[in-house]
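Engineer: Generate coordinates for the sequence data below:
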Amino acid sequence: MDIGDWYQKRFEFEGQKIATAGSCFAQHIGRNLRKCGFDYLDTEPAPEAFPAERALDFGYGMYSARYGNLYTSRQLLQLIKRAFGQFSPAEQYWEKDGGVVDPFRPTLEPEPFSSVRELMALQKSHLEAVVELFQTADVFVFTLGLTETWEARKDGAVFPLCPGTAGGRYDDKSYAFRNLTSAEVRGDMEEFISIVRRINPNIRLFLTVSPVPLMATATQQQVAVATMHSKSVLRAVAGELYQDHGFVDYFPSYEIITSPFMKGYFFQPDAREVSPHGVDHVMSVFFSQHVPPGAGAQQGATTPRAQTDHLERAEAARLEQVKCDEELLNSFGDN
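Structural biologist: Numbering: from 1, shown residues only. Here you go, the predicted structure:
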């Protein structure tokens, strides 16, 4: 715990409108930013009087809009293109249990939508919220999670889950597995940067890489080998973007959690999920540079652990929950 010098901030968070997106681990970052008083952007909040304990089940509060988990660079790129009318996927819905789900947010709500019309109305409202997000955010926090994805052969649209796991039906003629290369991830991120900076010239990017290993892989590799490949690609690209763009910062949550000298201390007993004290330690490193509003620098940052000490245990546990679509993959295949 005494190891220091992990991170030196490149730009300020205080006084900035901050938006978040990415893989499951990014939910911890957004939650702690809100909790510590930063100006956290939520362009698609839960309706008034919506039960707080059900918010996560319906995708509220996960991120700055209800796009769910964005695991890959390709998902992020296609999201901004869809929001600004630069890409219209041929596949607009998947059938499931007598209703329909959004292919790009298939686990958004516990039950399928009753009609395509209802789904499309909510999708339109969602994309309008995404437009507002990218137009108004000062800092966009994005956690790179995976390189593996599934795409429609017809137009290259990518999905957060393989068709058939949370809706729709898998068909080799319609879908293909893709494991994005480092060049493809870099190309996606550079194109995203080009688009978002045209929309919002002063927006800055804050990148992290998720330390959570893959639950399953669609490659022929053992899953630990596939994890190392995927994380290495993502970490290399994040480093290149940091080196080449002064408006991009990189925060080493991946390294803090997974470095060998940490001896797996920050993982749950399943050796996959990051423990609450692991999240707290990562955020304490972050808050040592980005002091929460109202916390005097001479007194030190108010860390999430210090705050949760004042909460009931049950409430603290609820606040640490994340919604991770990838858990569904554990039911498919042997890898």
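Engineer: so where do the strands sit in the chain?
Structural biologist: In the chain, the strands defined using DSSP state E lie at 18-22, 94-96, 99-101, 139-144, 148-152, 158-159, 175-179, 204-209, 248-250.
Engineer: Let me have those strands in TSV, extended by distance to T227 and mean neighbour count.
Structural biologist: C-beta coordinates here come from the backbone N, C-alpha and C atoms, glycine included. TSV is the format used below for these (distance: least, Cβ to Cβ, whole Å; neighbours: other Cβ atoms under 10 Å):
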stretch	distance to T227	mean neighbour count
strand 18-22	17	25
strand 94-96	28	17
strand 99-101	28	20
strand 139-144	13	26
strand 148-152	10	19
strand 158-159	20	24
strand 175-179	12	16
strand 204-209	12	24
strand 248-250	20	20
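Engineer: can you redo those as JSON lines with mean pLDDT and distance to A129?
Structural biologist: Conversion of the strands of the chain to JSON lines gives the following (pLDDT from 0 to 100; distance: least, Cβ to Cβ, whole Å):
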{"stretch": "strand 18-22", "mean pLDDT": "97", "distance to A129": "11"}
{"stretch": "strand 94-96", "mean pLDDT": "96", "distance to A129": "22"}
{"stretch": "strand 99-101", "mean pLDDT": "97", "distance to A129": "19"}
{"stretch": "strand 139-144", "mean pLDDT": "98", "distance to A129": "14"}
{"stretch": "strand 148-152", "mean pLDDT": "97", "distance to A129": "23"}
{"stretch": "strand 158-159", "mean pLDDT": "98", "distance to A129": "20"}
{"stretch": "strand 175-179", "mean pLDDT": "97", "distance to A129": "28"}
{"stretch": "strand 204-209", "mean pLDDT": "98", "distance to A129": "20"}
{"stretch": "strand 248-250", "mean pLDDT": "98", "distance to A129": "24"}
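Engineer: do you know which of the ones you listed lies nearest Q289?
Structural biologist: Set against Q289 and scored by Cβ to Cβ, the strands of the chain come closest in strand 248-250, at 9.9 Å.
Engineer: Identify whichever of the strands of the chain lies nearest to G4.
Structural biologist: The nearest among the strands of the chain, by Cβ to Cβ, is strand 248-250 at 17.4 Å.
Engineer: Identify the residues contacting the closest one?
Structural biologist: Outside strand 248-250, the residues that touch it by Cβ atoms under 8 Å, 6 or more residues apart in numbering are 9-11, 193, 204-208, 238-239, 241-242.
Engineer: and the two most separated of these?
Structural biologist: Across the contacts of strand 248-250 (Cβ to Cβ), the longest gap, 19.7 Å, separates K9 and I193.
Engineer: who's more crowded, these two?
Structural biologist: I193 (19 against 13; other Cβ atoms under 10 Å).
Engineer: and the gap between the more buried one and R54?
Structural biologist: 36 Å (Cβ to Cβ, to the nearest Å).
Engineer: Model confidence score at I29, please.
Structural biologist: Confidence at I29, expressed as pLDDT, is 89.
Engineer: same question, Y7
Structural biologist: pLDDT, read off for Y7, is 96.
Engineer: Then Y60?
Structural biologist: Taking Y60 on its own, its pLDDT is 93.
Engineer: hang on, it packs against A52?
Structural biologist: No. Counting by Cβ atoms under 8 Å, Y60 does not reach A52; the two are 9.2 Å apart.
Engineer: what residues are shared contacts of those two?
Structural biologist: A46.
Engineer: With neighbour numbers in mind, choose between those two.
Structural biologist: Legend: neighbour count by other Cβ under 10 Å for Y60 and A52, higher for Y60 (18 against 10).
Engineer: What sits closest to that one if chain neighbours are left out?
Structural biologist: Closest residue to Y60 apart from its sequence neighbours, by Cβ to Cβ, 6 or more residues apart in numbering: A46 at 3.8 Å.
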